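Fold the following, please.
(one chain, ligands or ions: 1)
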Amino acid sequence: MVGKRLIGVGMGCWAFAILGLIAGCRAQATPLTACPGHPDAIGTSRTLVVDPRAHPRIGSMQYPETLPLHDHEVVLTFDDGPLPRNSDKILKILADQCVKANFFLVGRQSRAYPAGVSKLVALGHTIGTHTQNHPLNFEKLPLDKVKQEVDDGIASASAALPDPTLVAPFFRVPGLLRSKTVEDWLASKGIQIWSADFDADDWRHISPEQVYERAMKRIEARGKGILLLHDIQARTVVALPMILHELKVRGYHIVHVVPATPQRPATPTDPMEWRSHPPSAMLPVAERPKLPVFAFGEAKGLVTPPSPDLNAPEGKTQWPQVATLPLRSAAVTLPVPAKDLFETPEQARHALQTVAPEAKVRPAASAVRRLSATAVRRRRRRHLVLRAKHTAVRGERH
Ligand SMILES: [Zn+2]
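From the prediction side, this is the model:
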């Protein structure tokens, strides 16, 4: 069966190669994993086994390392669930597409909906965690609070499962609000921090079409990577089928990531494959292109999703917080306006009142004189025309 498929793929590739359509060839070679009943499914092309201790922090949005993906490979990640009304729909879409994904669960959600956790395992997805309460100020929490949030989140997910080892040592920081304290402690525990390579703004108040467009634009710009989505969002439920369809059309592959265990060794990789940035980014500082320095450069570089209001009705705010610039920065940045820019009519009137009386009258008097002279010339011209007509009429009578 597989052999037949590979032969078919090979012939297809030859045809595409003749036409020079390499991306099309890649698309033809994708469905190595069968998806019964869904011939158009994108499927899952491979499973990547990673060792969290060897690579404790990944995701080019924040770290120098990311997953060692090949060109046109994407890992789907979903945060903040389970929330049955939307998470279940996401699971159905993934099942119909035979896609395996990586989930980062909020502990209190796992406690509230344990069936949602066990479904993930039954469907073959990977479970990571995302704290117990999704605190908004995770980067400012003291270490004891960080430990409590992380440990409770893991315990809540484990409580819904028959085997606690089914929870992977994968962790996503709430709102990506990292701190060195958090990073060092998680690394010491062998827990891998997952940032992302791109998100799709599905926590913002935008349409599903915009989520789809932003996802595709950012994936295409980088060519591969970890996509951050939220399975609690209704707009993501609508956008996901479009994203998966378009990924397949454009020749992308879905990769599922699992942690290494004694029985399951890590996928062999080259250290260079883990680098977040292309070789040009590794040049000495003096040889790199200059980046503009903005006035708000000291502000947090990322607008990241803070805690969701899980009790809010659908369509209401989930990630409402937007950073504001301190006024002090604005005062430094703005130019000083010219002195006369805000001159008011009152000021102009006052200026007129202070000049000499004759200076105010003289222009008006000369204007009247000019007007009078014009009127006299017009009147004289009209008189001459009338006299000429009168003369002409008299001549005709004679
Ligand atoms: Zn989150």
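
what's across from Glu73 in the sheet?
Under the criterion DSSP bridges, Glu73 forms beta bridges with His253.

burial of it, as a residue count?
Residues lying near Glu73 (other Cβ atoms under 10 Å) number 18. For every residue, glycine as well, the C-beta is placed using N, CA and C.

That one touches Ile42, doesn't it?
No - contact criterion Cβ atoms under 8 Å: Glu73 and Ile42 do not qualify, at 11.8 Å.

Pull up the overlap in contacts between those two.
Overlap of the contact sets of Glu73 and Ile42 (by Cβ atoms under 8 Å, 6 or more residues apart in numbering) consists of Tyr252, His253, Ile254.

Redo these as a markdown table? Include distance to the ion.
Listed next are the shared contacts of Glu73 and Ile42 as a markdown table, based on distance: Cβ to the ion, whole Å:
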| residue | distance to the ion |
| --- | --- |
| Tyr252 | 25 |
| His253 | 26 |
| Ile254 | 22 |
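
what would these look like in a markdown table with pLDDT?
Formatted as a markdown table, those follow (pLDDT from 0 to 100):
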| residue | pLDDT |
| --- | --- |
| Tyr252 | 98 |
| His253 | 98 |
| Ile254 | 98 |
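
ok, now which ones touch Asp202?
Val211, Leu229, His230, Gln233, Arg235, Thr236, Ala239.

can you confirm the second one is in a strand?
It stands for Leu229. Yes - using DSSP: H, G, I helix; E, B strand; the rest coil, the secondary structure at Leu229 is a strand.

what about it, neighbour count?
Counted by other Cβ under 10 Å, the residues lying close to Leu229 total 24.

What's opposite it in the beta bridge?
Counting by DSSP bridges, Leu229 is bridged to Phe78.

That one and Gly81 touch, don't they?
No - Leu229 is beyond contact range of Gly81, at 10.5 Å (criterion: Cβ under 8 Å).

Any chance you could note which residues of the stretch 1-150 of the chain sit beside the ion?
Asp79, Asp80 (Cβ under 5 Å from the ion).

rerun at 6 Å
Counting by Cβ under 6 Å from the ion, the stretch 1-150 of the chain comes close to the ion at Asp79, Asp80, His130, His134.

Mind putting those into a markdown table with neighbour count and pLDDT?
Converted to a markdown table, these look like this (neighbours: other Cβ atoms under 10 Å; pLDDT from 0 to 100):
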| residue | neighbour count | pLDDT |
| --- | --- | --- |
| Asp79 | 28 | 98 |
| Asp80 | 28 | 98 |
| His130 | 26 | 98 |
| His134 | 22 | 97 |
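
quick one: which of these sit in helices?
Among those, DSSP state H puts none in helices.

Residues touching stretch 246-256, excluding its own?
The contact list for stretch 246-256, computed with Cβ under 8 Å, 6+ apart, reads 23-24, 26-27, 30, 40-48, 67, 69-70, 72-76, 99-102, 124-126, 212, 216, 219-220, 244.

Check His277 and give its pLDDT.
Per-residue confidence (pLDDT) for His277: 77.

And the residue in the stretch 151-300 of the chain positioned nearest to the ion, how far from Val150?
Going by Cβ to the ion, the ion is nearest to Pro174 of the stretch 151-300 of the chain, at 5.0 Å. Between Pro174 and Val150 the distance is 11 Å, computed by Cβ to Cβ, to the nearest Å.

higher neighbour count, these two?
Shown here are Pro174 and Val150; by other Cβ under 10 Å, Pro174 has more neighbours (26 against 23).

Now the more buried one: phi and psi?
For Pro174, the backbone dihedrals (degrees, to the nearest 10) come out as phi -60, psi 130.

now it: how far from Glu183?
For Pro174, the distance to Glu183 - Cβ to Cβ - is 14 Å.

again with Thr236
28 Å.

So which of these two has more stuff around it?
Of the pair Thr236 and Glu183, Thr236 is the one with more neighbours under other Cβ under 10 Å, namely 25 against 16.

residues in contact with Pro265?
Val49.

Check what pLDDT it gets.
For Pro265, the pLDDT comes out at 97.

And it, its phi and psi?
phi -70, psi 160.

So which bits of stretch 102-115 are buried?
Buried residues in stretch 102-115, counting neighbours by 16 or more other Cβ atoms under 10 Å, are found at Asn102, Phe103, Phe104, Leu105, Val106, Gly107, Arg108, Gln109, Ser110, Arg111, Tyr113, Pro114.

try stretch 215-222
For stretch 215-222, burial by neighbour count (16+ other Cβ under 10 Å) applies to Ala215, Met216, Arg218, Ile219, Arg222.

do the same with stretch 256-276
Neighbour-count burial for stretch 256-276 flags His256, Val257, Val258, Pro259, Ala260, Ala266, Thr269, Trp274, Arg275, Ser276 (criterion: 16+ other Cβ under 10 Å).
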